[in-house]
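> I'll drop the sequence and a predicted model, then ask my questions.
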Amino acid sequence: MSILDDLAATIAARKTADPDQSWTAKLLSKGPAKCAEKFGEEAVEAIIAAARGDRENLTNEAADVLYHLLVMLEASGVEFESVLKELGKREGVSGIAEKASR
């Protein structure tokens, strides 16, 4: 298991936690649209850090992006394992060829 697998499992477990005690539970209780909005905010912050060449901030924001992506997936009923399987199908396939197949 990877740290992302562990994080996805923790997020899934927090779905039933008290939203007053868990940031993850609070986000999940607001539904998929709010989780998607928060993911978008974090992605923009990562983009800004990258554009500014701020590697330290980009590192922090990238961690936030990964966390919020997993929260958004959980809120939307998409299993992290499904995303990993999709990536596995694309392994060794040219990005141009993969995009053309959709």
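Great, that's in hand. Residues are numbered from 1 along each chain as shown.
> burial count for V83?
15 (other Cβ atoms under 10 Å). C-beta coordinates here come from the backbone N, C-alpha and C atoms, glycine included.
> Equivalent analysis for the one 10 residues further on, please.
Using other Cβ under 10 Å, the number of residues around V93 comes to 11.
> cool, and I11?
I11 is flanked by 23 other residues according to other Cβ under 10 Å.
> now do E45
Neighbour number of E45 under other Cβ under 10 Å is 17.
> Distance-wise, check it relative to F80.
Applying Cβ to Cβ, to the nearest Å, the value for E45 to F80 is 22 Å.
> Ok, P19 next?
P19 is 22 Å from F80, by Cβ to Cβ.
> list the contacts for G92?
Not one residue lies near G92 by Cβ atoms under 8 Å, 6 or more residues apart in numbering.
> and P19 and F80? which has more neighbours close in?
Neighbour totals were compared for P19 and F80, and F80 leads with 18 against 14 (other Cβ under 10 Å).
> Surely the more buried one and D6 touch.
No - with contacts counted by Cβ atoms under 8 Å, F80 stays clear of D6, the gap being 10.5 Å.
> Which neighbouring elements make contact with the particular helix or strand that has F39 in it?
Assigned by DSSP states H and E, F39 falls within helix 32-51. Judged by 3 or more Cβ pairs under 8 Å, 6 or more residues apart in numbering; DSSP states H and E, the packing partners of helix 32-51 are helix 23-29, helix 55-75.
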